[in-house]
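Student: Sequence first, then the predicted structure, then my questions.
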Amino acid sequence: MQNATFPIDYFRSTLTPVSMFRGRKFLSWPKIIFVILFLNGLMMIPIVLNYADDDSFSLEPTYPIVFDMVDEAVVTALNSEEAFFQEKENGVVVGGGEESAALEYDNVLYFGETEMVLKEGDSPITRATYTKDLEWGDSVESVRSQMSRQWYYMNRVFIVATYSFMIAGMLLLMNVLLIVGAAFFMYLAGKNSIMELDTFKESVNVILNAVGLPVLASLVVGLFLPEITTMMSVQSMGLVLMIVLLYFKTRFSEQYIQSQEDK
C-alpha cells in the first residue's frame, strides 16, 4: 500500500478498519481538500438526478402576483380560443393581441400563440415556449399547473443548476463540520492516551478514511430516497459505526495491530 498512488491509496484506506488507521499519513492538505470535495460530489449525485427528473414545479414562489391573477374568468377565456384582455386588481391577463401594449403594465400574464410571457414588477420578463402536449384544462388548478410546467421546462437547466449549487454549498458546510469536528475530538483524545495520532492532519485523514464507506451507503440510499436529512443521517451513523470498529480493531495503535497480527 505504501507504493500506491493517489487516489488509489485513499480508496484502499477505506476498506477495513486497519487500513483506515494505517492510511492516516497518506493525504496531504491539498489531497484532503480534494477528497472532501469528491465525497461531497458523490452525495450530490442523487440530489441532482432528482431535480433533473422532476417535472413538477410551482410558479407561485417566483411569480406570486402573476400566479394569483389566474381565476375562473381566465380559464374560460383561454378555452374560448379568442383574444381577450382582462384587467385584474394587480395587473392584466392578456390572450392574443399586441404583446407590446400588454407589457406596458407592471404585472402581466400574456398568453401568445406559441409562448407565455410573464412580467412582475422590476423582475426580468420571462418567456416560456409552449410544449406540443400543452392542454390548459378547465380549472384554475390545471391552468396554474400547466403554467408552472411550461415555465419549468424552459428554465430547467437554470433551476437545477441554482438549486444544486445551493444544496452543494450547504452539504459541503455540513460535511466539513462533521469531518473537522470528529477529527478535533479524536485529536484531543489522542493527546491524553496511547492513541498514535501525532497531528491534527492525521486525525482528519483517519476520519476521511472512515467516512468513505458511509458516503457510498448514503449515495445508494439517496438514489431511492433523495433527501438531505436522510442521507446525512446515514453518513453520520455510518461514521460513528466505523469509528467504533476502528477502536476495537486497532485501538488506534500500531503496536496493538501488530500484536493481533502475530497471534
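Tutor: That came in fine, so what should we check first?

Student: What segments of the chain are strands?
Tutor: For the chain, the strands defined by DSSP state E cover 84-87, 92-95, 107-111, 115-120, 126-129.

Student: Low-confidence ranges, the stretch 101-250 of the chain, go.
Tutor: Counting by pLDDT under 70, the stretch 101-250 of the chain contains low-confidence residues at 192.

Student: Where do the helices of it begin and end?
Tutor: For the stretch 101-250 of the chain, applying DSSP state H, counting those that start in this stretch gives helices covering 140-191, 200-224, 228-250.

Student: Dump the strands of the chain to a markdown table, plus mean neighbour count.
Tutor: (Each C-beta comes from the backbone N, C-alpha and C, glycine too.) Output for the strands of the chain, formatted as a markdown table (neighbours: other C-beta atoms under 10 Å):
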| stretch | mean neighbour count |
| --- | --- |
| strand 84-87 | 14 |
| strand 92-95 | 22 |
| strand 107-111 | 23 |
| strand 115-120 | 20 |
| strand 126-129 | 16 |
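
Student: Format these as CSV; extra columns: distance to Ser218.
Tutor: Converted to CSV, these look like this (distance: least, C-beta to C-beta, whole Å):
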stretch, distance to Ser218
strand 84-87, 50
strand 92-95, 46
strand 107-111, 42
strand 115-120, 38
strand 126-129, 36
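
Student: Next, count neighbours for Val176.
Tutor: For Val176, the neighbour count with other C-beta atoms under 10 Å is 13.

Student: Quick check: it vs Gly41, distance?
Tutor: Separation of Val176 from Gly41 (C-beta to C-beta, to the nearest Å) stands at 14 Å.

Student: do the same with Ser13
Tutor: Distance of Ser13 to Gly41, computed by C-beta to C-beta: 19 Å.

Student: neighbour count winner among those two?
Tutor: Taking Ser13 and Gly41 together and counting by other C-beta under 10 Å, Ser13 has the greater number of neighbours (26 against 14).

Student: Report the contact partners of that one.
Tutor: Going by C-beta atoms under 8 Å, 6 or more residues apart in numbering, Ser13 touches 1, 19-20, 22-23, 26, 209, 212.

Student: Which of those residues are buried, as a ChimeraX select command?
Tutor: Here is the ChimeraX command that selects only those of the contacts of Ser13 that count as buried (16 or more other C-beta atoms under 10 Å):
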select :19,20,22,23,26,209,212
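
Student: closest to Met154 among the contacts of Ser13?
Tutor: Closest approach to Met154 among the contacts of Ser13 (C-beta to C-beta): Gly212, at 39.7 Å.

Student: what's near enough to touch the nearest residue to the closest one once chain neighbours are set aside?
Tutor: Closest residue to Gly212 apart from its sequence neighbours, by C-beta to C-beta, 6 or more residues apart in numbering: Thr14 at 3.1 Å. By C-beta under 8 Å, 6+ apart, the contact list for Thr14 reads 20, 209-210, 212-213.
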